[in-house]
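Student: Show me the folded form of this:
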Amino acid sequence: MVDSSGDADDKLAYFQAVTGIEDAGLCLEILDAHGWDLETAVSAITTSTSGAAPSAAVASADDAGSSDQGRNSVRSIEESPEIVGRIVANTGNPPSSLAWKVIQLPFSVISGGLGLVSSAVGLGIWIAGGVLSHSLGALSWAAGRGRGDSEVSPLISLSAGSAEALRFIEAFEREYGGEGRTRPNFVSNGFMEALQTSQNSFKLLFVYLHSPDHPDTPVFCEGTLCSQVVAEFVNENFVSWGGSIRATEGFKMSNSLKASRFPFCAIVMAAANQRIALLQQIEGPKSPQEFLTILQKVVEESAPVLLAARLDEEERRNTRRLREEQDAAYRAALEADQARERQRREEQERIEREAAEAERKRKEEEEALERAAREADEKEAALERRRQEKALSLGTEPEKGPDVTQVLVRFPTGERKERRFHSSATIESLYDYVDSLGCLKTENYKLVSNFPRVVYSTEKYQLSLREAGLHPHASLFVELDA
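Tutor: A predicted model of the protein is given here:
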């Protein structure tokens, strides 16, 4: 049962904003069917329209009763054809058969006015003093510490949060972006990563919770949030994070920040013990000037805290750098002493190694010279044998006659050699003739004729002189390969 009519009105308005069901009577029936447990009632509806069910949360033994109650309530809705039909008529989707328990953020929100923020302590840890804090959950985002580690598991992994953030940015850009339009530069990370980014950059975190079905949302996004003056101010002074309340993390943040009216924006900053300081809530439609005035006031009043945090971090950085320099100087002196002793030993070892290496190289060089001379003699003898073999293969030079071809060969040195061949002799016999002369120190060459230029390469070796067009006279020159 609901405690008061005011509380009932607040829950009814929030339920309508989140689920998009306009029929107030139907909403009252659903809330009443769930014992006015807002989380359970919303879960029964939103799981069918969110596109992807959240991952299962590990609840404590104290939550068992409420979980059973939520499942019983969901079954009571599904078993009522009338209610199911009305939900389908309002949302376009039937309620899901799987209920999920919303577990709020694992930190406390410190709520209060900006004037209450008093100091900054620790590396980027800011505390709002003299304000009321209230716990919003008991589930850790990071690995737990202590005995209860195995009993705690994250509801949303950072990768899942980043994926939701990216989908929100893409949808927002499609709806309200466009060429020449300005908009807040929402980070494509989960909320906790965005909070860490703002903390590291010594900026406040601007949070926008998007209610796609709220009638004021389009006007607010187009006229205020995406106005040039507001978007530029937000991008310059804040780290921005946005999420849809129909997505898991966006819905969790709406619960944690107790969003009751939409459009909803908040300014938060990191505080101690995985808590956040809620500096400002901006609920309901606002003109660009009204919105900008609120943001400017937040920035002005938080400037001393951010400056103190930045100076504190710089002081810690300088202290750490000085300590590192002192440690480095000590290590350098110690290493210098060790290096001198090591150098003395290494020098002695080097002298001995060099003497041994010099002796080894002397022997290797002598052996190499002997081997090279031997190989050169063998190569020269092989070439000489080859020349003799090719000279013998040519046979006797024929006398002049109609079937005899006169061949003139010019060498790169200008030397000329001339010989007669039978017209049936092959191109290969010309190469044998050149090789047999011993005028070249290489075997990498080609016989070429000019006018027209013809290269008699290996594929023409078997052509006869007559077939190659060299009969009865041929003038060739030797062209060395590059």
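
Student: Check the gap between Leu369 and Ala376 for me.
Tutor: Using C-beta to C-beta, to the nearest Å, Leu369 is found at 11 Å from Ala376. For the C-beta atoms, the positions are set from N, CA and C on the backbone; glycine is no exception.

Student: Excluding sequence neighbours, find me the nearest residue to Lys460.
Tutor: Of all residues not flanking Lys460 in the chain, Ile427 sits nearest, at 5.2 Å (C-beta to C-beta, 6 or more residues apart in numbering).

Student: since we're on the one you found, how many residues are nearby?
Tutor: If you count neighbours by other C-beta atoms under 10 Å, Ile427 ends up with 22.

Student: next one: Leu292
Tutor: By other C-beta under 10 Å, neighbour count at Leu292 equals 18.

Student: ditto for Gly401
Tutor: 10.

Student: cool, Glu193 as well?
Tutor: Neighbours of Glu193 using other C-beta under 10 Å come to 17.

Student: so what secondary structure elements neighbour the helix or strand where it lies?
Tutor: Using DSSP states H and E, Glu193 maps to helix 191-200. Where contact means 3 or more C-beta pairs under 8 Å, 6 or more residues apart in numbering; DSSP states H and E, helix 191-200 is packed against helix 158-176, strand 204-210, strand 238-244, strand 264-271.

Student: what's in contact with the third one?
Tutor: With C-beta atoms under 8 Å, 6 or more residues apart in numbering as the contact definition, strand 238-244 has outside contacts at 164-165, 168-169, 171-172, 184-187, 189, 191, 194-195, 197-198, 201, 203-212, 234, 249-250, 253, 267, 295.

Student: following it, which helix or strand shows up next?
Tutor: Once the chain leaves strand 238-244, the following helix or strand, as judged by DSSP H and E, is helix 248-256.

Student: which helices and strands sit right next to that following helix?
Tutor: Using 3+ C-beta pairs under 8 Å, 6+ apart: helix 248-256 touches helix 38-46, helix 158-176, strand 204-210, strand 238-244.

Student: Next, the angle from the third one to helix 191-200.
Tutor: For strand 204-210 against helix 191-200, the angle by axes from the mean of the first three to the mean of the last three C-alpha atoms, to 10 degrees is 150 degrees.

Student: Between helix 248-256 and strand 204-210, find me the angle.
Tutor: Here strand 204-210 runs at an angle of 100 degrees relative to helix 248-256 (the same axes, to 10 degrees).

Student: Could you do the last one as well?
Tutor: Computed by the same axes, to 10 degrees, the angle separating strand 238-244 from helix 248-256 equals 100 degrees.

Student: Report the buried residues of the helix holding Glu193.
Tutor: 191-196, 198-199 (16 or more other C-beta atoms under 10 Å).

Student: What of stretch 263-280?
Tutor: 263-271, 275-280.

Student: try stretch 381-392
Tutor: Using 16+ other C-beta under 10 Å as the test for burial, stretch 381-392 gives Lys390.

Student: Just the buried ones among the contacts of strand 238-244, please.
Tutor: Applying 16+ other C-beta under 10 Å to those flags 164-165, 168-169, 171-172, 184, 186-187, 189, 191, 194-195, 198, 203-211, 234, 249-250, 253, 267, 295 as buried.

Student: So which residues of the stretch 251-400 of the chain form helices?
Tutor: Along the stretch 251-400 of the chain, the stretches classed as helices by DSSP state H, counting those that start in this stretch are 288-394.

Student: pLDDT weak spots in it?
Tutor: Along the stretch 251-400 of the chain, segments meeting pLDDT under 70 span 273-274.

Student: at 90 what do you get?
Tutor: Within the stretch 251-400 of the chain, the segments meeting pLDDT under 90 span 256, 258, 260, 269-277, 302, 305-310, 312-314, 316-317, 376-396.

Student: wait, Leu480 sits on Cys439?
Tutor: No - the pair Leu480 / Cys439 is not scored as a contact, 11.7 Å apart, by C-beta atoms under 8 Å.

Student: Give the residues shared as contacts by those two.
Tutor: Common neighbours of Leu480 and Cys439 (C-beta under 8 Å, 6+ apart) do not exist.

Student: quick one on the thing from earlier: ok, of the helices and strands packed on helix 191-200, where does mean pLDDT dip lowest?
Tutor: For these, mean pLDDT drops lowest on helix 158-176, to a mean of 88.
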